[in-house]
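Q: I'd like to go over a predicted model; first the sequence, then the structure.
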Amino acid sequence: MEKEDDILSPRPAQDETARMESALRPASLDEFVGQERLKENLKVFIQAARARREPLDHCLFYSPPGLGKTTLSYILAREMGVNIKVTSGPVLSKPGDLAAMLTTELAEGDILFIDEIHRLNAAVEEALYPVMEDFLFFINTGQGPGATTLKLAVPRFTLVGATTRSGLLTGPLRDRFGIVFNLGFYGETEIARILARSAAILGSRAERPALELIARRARGTPRIANRLLKRVRDFADVKSGGVITPEVTEAAMASLEIDSEGLDNLDRRILATIAEKFGGGPVGIETLAVAVSEEPDTLTDVIEPFLMQGGFLKRTTRGRVITSKAALHLGLKLPRQTELL
């Protein structure tokens, strides 16, 4: 099973964004739980822009998937009182796609949200530079000596970019964002607060200890927490009269094969593979991806951030190495040289 379809994947399922995240997504910065310093700064920037009656400066959010980048873009639109147009880097395949969006779908002050902005086509990215700086779009017509360049003014708007791989952004693009924030993983207390709010929206009765059990397995990611809550709610509706109790939560997690540290079968298989096939590491990402039949990008973008944050995996210059914590949790034996890394 691919990680994108797994319950502990921080990426949205194909129909999940519209169905679930829209219902549970906070509508304001005050409702948004966590990322306190980011929220404080955004409130200042929004208040200043509104006082000057100017569009908000271009914003860039980067983090692993599921931590709130898209949610924040919608919140910015609501707080600024403007509309938002949502697209992604792969969708904008040529400059004409960008030109059509800028000239027909955006008004003064609106927000253009580009998800996976690191995947923009090079020609589209270059066309975006004068748009971000001077709100001018240049169109080349004709070829050879008869070629001309048309200058097209576009509404003053705010570009909000989101990426899970900030290292792939080019320097010229990154430098054109005036506001840049990194979203970190959430603490268990924050996740429990998010779950309490989500349970209320879903109309589910949930005991606080049960929410804390879910939060402990949510990998510090609100999207995963809400997904787990919905699955536990299913078990509660069938086995405990609709009340989410610690007992039914533990039973649901056992059935879903999610352990006390929030690891699923794929996580455990990756750690066990490093320990058993590669002596605990180090092992290169390409080799590891082949060994577990996963894409390298899935390992680096989706799986590794949590394993490293949780202290189960180290990334060294020579490759990936599992830690003594991972070995103890899974009952694995590490070679002495690995234990010293």
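A: Alright, I've got the coordinates.
Q: can you list the buried residues in the helix or strand Ala51 falls within?
A: Applying DSSP states H and E as the criterion places Ala51 in helix 36-52. For helix 36-52, the buried set under the neighbour-count rule, 16 or more other C-beta atoms under 10 Å, comprises 38-39, 42, 45-46, 49. C-beta coordinates here come from the backbone N, C-alpha and C atoms, glycine included.
Q: what do you get for stretch 74-82?
A: 74-77, 79-80, 82.
Q: secondary structure class for Asp57?
A: coil (DSSP: H, G, I helix; E, B strand; the rest coil).
Q: any idea how many residues pack against the residue nearest to it when sequence neighbours are not counted?
A: Once flanking residues are discounted, Asp57 sits nearest to Gly178: 3.5 Å by C-beta to C-beta, 6 or more residues apart in numbering. Number of residues near Gly178 (other C-beta atoms under 10 Å) recorded here: 13.
Q: residue contacts, Gly178?
A: Counting by C-beta atoms under 8 Å, 6 or more residues apart in numbering, Gly178 touches 57-59.
Q: now, which of those sits nearest Thr149?
A: Closest to Thr149 out of the contacts of Gly178 is His58 (23.9 Å), distances taken as C-beta to C-beta.
Q: and the helices in the stretch 1-150 of the chain?
A: With DSSP state H, counting those that start in this stretch as the criterion, the stretch 1-150 of the chain has helices at 16, 22-24, 36-52, 69-80, 95-104, 122-134.
Q: how about those helices in CSV, adding mean pLDDT and distance to Val283?
A: Formatted as CSV, those follow (pLDDT from 0 to 100; distance: least, C-beta to C-beta, whole Å):
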stretch, mean pLDDT, distance to Val283
helix 16, 49, 32
helix 22-24, 75, 38
helix 36-52, 94, 35
helix 69-80, 93, 31
helix 95-104, 85, 40
helix 122-134, 90, 33
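Q: do you know which of the ones you listed lies nearest Thr316?
A: Here helix 69-80 is closest among the helices of the stretch 1-150 of the chain (C-beta to C-beta), at 28.5 Å.
Q: center of this protein, which residue is that?
A: Nearest to the mean C-alpha position of the chain, by C-alpha atoms, centre = their mean, lies Pro65 at 2.1 Å.
Q: distance of that one from Leu328?
A: For Pro65, the distance to Leu328 equals 28 Å [C-beta to C-beta, to the nearest Å].
Q: related to what we said a few turns ago, so which elements touch the helix holding Ala51?
A: helix 69-80, strand 179-182 (3 or more C-beta pairs under 8 Å, 6 or more residues apart in numbering; DSSP states H and E).
Q: for that helix, output the C-alpha coordinates as PDB.
A: Provided in PDB are the C-alpha atoms of helix 36-52 (Å, rounded to 0.1, in the frame of the first residue of the first chain):
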ATOM      1  CA  GLU A  36       2.000  30.800  18.300                       C
ATOM      2  CA  ARG A  37       4.900  33.000  17.200                       C
ATOM      3  CA  LEU A  38       3.900  32.700  13.500                       C
ATOM      4  CA  LYS A  39       0.300  33.700  14.400                       C
ATOM      5  CA  GLU A  40       1.500  36.700  16.400                       C
ATOM      6  CA  ASN A  41       3.600  38.000  13.500                       C
ATOM      7  CA  LEU A  42       0.900  37.400  11.000                       C
ATOM      8  CA  LYS A  43      -1.600  39.300  13.000                       C
ATOM      9  CA  VAL A  44       0.800  42.300  13.000                       C
ATOM     10  CA  PHE A  45       1.400  42.000   9.200                       C
ATOM     11  CA  ILE A  46      -2.300  41.700   8.500                       C
ATOM     12  CA  GLN A  47      -3.200  44.700  10.700                       C
ATOM     13  CA  ALA A  48      -0.500  46.900   9.100                       C
ATOM     14  CA  ALA A  49      -1.500  45.900   5.600                       C
ATOM     15  CA  ARG A  50      -5.200  46.600   6.200                       C
ATOM     16  CA  ALA A  51      -4.400  50.000   7.900                       C
ATOM     17  CA  ARG A  52      -2.400  51.000   4.800                       C
END
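Q: show me the contacts for Asp267.
A: Residues counted as contacts of Asp267 (C-beta under 8 Å, 6+ apart) are 8, 303, 306-307, 312.
Q: buried sites along the helix or strand hosting it?
A: For Asp267, the element it lies in under DSSP H and E is helix 265-277. Buried residues in helix 265-277, counted by 16+ other C-beta under 10 Å: 266-268, 270-272, 274-275.
Q: cool, stretch 90-106 as well?
A: 92, 95, 98-99, 101-102, 106.
Q: what lies in contact with that stretch?
A: 83, 85, 87, 112, 114, 116, 119-121, 123-124, 127-128, 131, 137, 139, 152, 154-155, 157.
Q: which of those fall within strands?
A: 85, 87, 112, 114, 137, 139, 152 (DSSP state E).
Q: got a list of what the residue lying closest to Arg219 once chain neighbours are set aside touches?
A: Nearest residue to Arg219 in three dimensions, chain neighbours excluded: Phe306, at 4.5 Å (C-beta to C-beta, 6+ apart). Listed by C-beta under 8 Å, 6+ apart, the contact set of Phe306 reads 64, 185, 219-221, 262, 267.
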